[in-house]
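In: Quick one, structure for this:
(chains A and B)
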Amino acid sequence: MRVRDENKIDAIQEKAVEIIVESGFDGLSMQKLAKAANVSPATLYIYFKDRDDLIQQVATKEASKMVEASLKNFDPSLPFAEGLTIQWKNRAKYWLKHPKQAKFLEQVRHSPVGEEVYTKVKKEFSLVMSEFVKGAVKRKELIALPIEVYWAVAFAPFYQLVKFHDDGKSMSGKPFKWSDAYMNQTLALVLKALTPEK
Amino acid sequence: MAHVLIFKTNVESEEQLQQASLLLNATDSIIKWNIDREDIDKVLRVESTLPHINDIMKIMMEAGFSCEELVD
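Out: Coordinates of the predicted model:
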C-alpha cells in the first residue's frame, strides 16, 4: 500500500488549478496534469477516480480554503460595520494572495461542478453570513433588504475593485492597482448606504 | 484498508465496458472500480481488499482485453 504523500497532493492541487485557469476545464487531462505536477498518471489515479472526481475534489478543497480565509477572526455576532470590514479585509487578503485560486473558484461557480461543491462547502458559510445579517437588522445596524440587494451593495463594489485590479485597468483602460485606501473609501460608502437613518 | 490498483486497458466502447463490468462485479474482493474511458490509457482503477494485481490482469485478459499494471 502506498502512503498518501501530501506534497504530491499539493502539487497536483496547484497544477490542476493552474491548468484550469489557463485552459478551462476541457484543457485539463489526467496525462497533462500528471506531467505538469511531475507525478505519474498511476499516482494520479491512486488519489482520483477520474478527471471529474479530480475536479470535484480540487474545487471542494479550494472552496473550503476560501471559506476558511473569509471567516478568519469573523464572528456573526459582531457589530455590522466591524463584521463587514473584516469580511472585506479577509476577502481582499485572499484575492491578493491567491489570485489563481480565486479565479479558479469563479470558474467553478459558473460550471456544473459548482453547484455540488457549493452546496457542500458553502452551507456553513451561508449560515454564518445569514446569522450576521439577521442580527444586524435586528439591532438596527443594517437596513432590511432582499438578500440580492444586500449583496449587490455590500459585496459587489468590493468585487468590482478586485476586477479592476485583476485586469490591471479600470473602465477606460486607465491603469489600476489595488490599494487599501481605495478599499476603505469604497467600504465607507457601502457602510453609509446600508446603515439605517437615525 | 483498501488497496488501490491501477491498470492500463483498452476498454473503449460501451459494449466493452459492460462486458468488463460483468467480470469485475463478479469478483468478490473488488470493493469498487471504474474505467476512465476519457483517458488515453483507458485506466481501470480498482479498490480491492486484496493486492491481487495479477488476478485482475488475468480476468481481463482472458476476456480478450489488454490489461497491464500502470506503474509509478
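
In: CA atoms for contacts and neighbours, from now on please.
Out: Will do.

In: What's the first helix or strand after the helix or strand of chain A with the lowest mean pLDDT?
Out: In chain A, no helix or strand scores lower on mean pLDDT, DSSP states H and E than helix A:112-138, which sits at a mean of 89. Of the helices and strands lying after helix A:112-138 in sequence (DSSP states H and E), the nearest is helix A:147-154.

In: now the lengthiest helix in chain B, how far from the chain's geometric center?
Out: Determined from DSSP state H, the single longest helix within chain B is helix B:14-25. Its chain's C-alpha centre and that of helix B:14-25 lie 10 Å apart, by CA atoms, centre = their mean, to the nearest Å.

In: Please point out which parts of that helix sit buried.
Out: B:20, B:24 (16 or more other CA atoms under 10 Å in any protein chain shown).

In: what's that helix in contact with?
Out: For helix B:14-25, contacts defined as CA atoms under 8 Å, 6 or more residues apart in numbering or on different chains pick out B:11, B:30, B:33, B:35, B:59-60.

In: and with 7 Å instead?
Out: B:Val11 (CA atoms under 7 Å, 6 or more residues apart in numbering or on different chains).

In: which SS class is the residue nearest the centre of chain B?
Out: Nearest to the mean C-alpha position of chain B, by CA atoms, centre = their mean, lies B:Leu44 at 4.2 Å. Here B:Leu44 is strand, with the state taken from DSSP: H, G, I helix; E, B strand; the rest coil.

In: Who does it form a beta bridge with?
Out: Beta bridges link B:Leu44 to B:Phe7, B:Ile35, judged by DSSP bridges.

In: Which residues belonging to the least confident helix or strand of chain A are considered buried?
Out: A:113-114, A:116-118, A:121-122, A:125, A:128-129, A:132-133, A:135-137.

In: and what of stretch A:156-169?
Out: Under 16+ other CA under 10 Å, the buried positions of stretch A:156-169 are A:157-159, A:161-162, A:164-166.

In: who are the neighbours in contact with A:Tyr45?
Out: Counting by CA under 7 Å, 6+ apart, A:Tyr45 has contacts B:6, B:45.

In: Okay, and it sits in which element?
Out: Using DSSP H and E, A:Tyr45 falls in helix A:41-47.

In: So which bits of chain B are right by chain A?
Out: With the criterion set to CA under 7 Å from any CA of the partner chain, chain B comes near chain A through B:3-4, B:6, B:36, B:39, B:45, B:70-72.

In: how about low-confidence regions in chain B?
Out: Within chain B, not a single segment meets pLDDT under 70.

In: mind giving me the domain ranges of chain A?
Out: A:6-48, A:59-194 (automatic domain parsing).

In: chain center to the longest one, what's the gap?
Out: Translated: domain A:59-194. For domain A:59-194, the distance to the chain centre is 8 Å (CA atoms, centre = their mean).

In: so which strand or helix has the closest residue to A:Val117 other than its chain neighbours?
Out: Distances taken as CA to CA, 6 or more residues apart in numbering or on different chains put A:Thr60 closest to A:Val117, at 5.4 Å, once the chain neighbours are dropped. Per DSSP H and E: A:Thr60 is located in helix A:51-70.

In: Would you mind measuring from A:Val117 to A:Lys72?
Out: Separation of A:Val117 from A:Lys72 (CA to CA, to the nearest Å): 21 Å.

In: Please apply the same query to A:Leu96.
Out: Taking CA to CA, one finds A:Leu96 at 16 Å from A:Lys72.

In: do the same with A:Val149
Out: 25 Å.

In: Kindly report the same for B:Ile59.
Out: Taking CA to CA, one finds B:Ile59 at 53 Å from A:Lys72.

In: So the two - more neighbours on which side?
Out: Each of B:Ile59 and A:Lys72 has its neighbours counted (other CA atoms under 10 Å in any protein chain shown); B:Ile59 has more, 16 against 13.
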